[in-house]
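S.K.: sequence plus the predicted model coming up.
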Amino acid sequence: MAAPLILVLNGPNLNLLGTREPAVYGTGTLDDLETLCAETAEGLGVSIDFRQSNHEGELITWIQEARASAAGLIINPAGYSHTSIALMDALAALDIPVIEVHLSNIHKREPFRQHSYVSHAATGVICGLGFAGYRLALIALSDILEEEDQ
Ligand code: DQA
């Protein structure tokens, strides 16, 4: 049987990881993050499709496409977390588990970051753990998919 596919989406400005506010987001790059996710996925027996976009519509198209192709979805919606009802609606239309990840602890930051529309459509939310949050999200999704399979 083919390994279940997990789509890992990253929103705006995450392409700048490594140089963008390193005190908040760390010094690792998006490529480093993809490598960590790929290695974690391999150990778990799942496959990943790792993407980043600065465009809300492109993220929404990818989420819609996941309806047909993915078994689970991880998303760091970045700034769109706090603004995008459209992204929330696209996620709500999915019937696969969704984990929202933030590198920083959004609840410890400015008030406008403390609400996420995306959380309304997420199965679970991880924040404040840096890159490890993605690793934990992959482990959680792989557990959920295994349980669904039984
Ligand atoms: C972020 C937190 C958001 O508030 C911010 O706009 C980001 C990154 C995080 O990973 O901590 O771009 O999603």
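M.R.: Done, it's in. Numbering: from 1, shown residues only.
S.K.: only C-alpha atoms for contact and neighbour calcs from this point on.
M.R.: Will do.
S.K.: now stretch 33-42: mean pLDDT?
M.R.: Stretch 33-42 shows a mean pLDDT of 98.
S.K.: who touches that stretch?
M.R.: Applying CA atoms under 8 Å, 6 or more residues apart in numbering, the contact partners of stretch 33-42 are 47-48, 50, 131, 134-135, 138.
S.K.: try it again at 6 Å.
M.R.: With contacts defined as CA atoms under 6 Å, 6 or more residues apart in numbering, stretch 33-42 is touched by residue 47.
S.K.: identify each buried residue in that stretch, please.
M.R.: Across stretch 33-42, burial judged by 16 or more other CA atoms under 10 Å covers 33-34, 36-38, 40-41.
S.K.: wait, which of these is closest to the ligand?
M.R.: Nearest to the ligand among the buried residues of stretch 33-42 is residue 33, at 11.9 Å by CA to the nearest ligand atom.
S.K.: name the helix or strand for that closest one, please.
M.R.: Counting by DSSP states H and E, the secondary-structure element that holds residue 33 is helix 30-44.
S.K.: just residue 73 next, same as before
M.R.: According to DSSP H and E, residue 73 maps onto strand 72-76.
S.K.: could you list the buried residues of the helix or strand following that strand?
M.R.: Using DSSP H and E, the helix or strand that directly follows strand 72-76 along the chain is helix 85-92. Residues 87-88, 90-91 are the ones in helix 85-92 that count as buried (16+ other CA under 10 Å).
S.K.: I'd like the buried residues of stretch 33-42 written out as CSV, with distance to the ligand added.
M.R.: Supplementary listing: these in CSV, determined by distance: CA to the nearest ligand atom, whole Å:
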residue, distance to the ligand
33, 12
34, 14
36, 16
37, 15
38, 19
40, 19
41, 20
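S.K.: now, the most widely separated pair of these?
M.R.: Distances among the buried residues of stretch 33-42 were taken as CA to CA; the most separated pair is 33 and 41, at 12.2 Å.
S.K.: for residue 89, give me the pLDDT.
M.R.: 98.
S.K.: roughly how far does the most centrally placed residue in the chain sit from residue 8?
M.R.: Nearest to the mean C-alpha position of the chain, counting by CA atoms, centre = their mean, stands residue 75 at 2.0 Å. According to CA to CA, to the nearest Å, residue 75 stands 6 Å off from residue 8.
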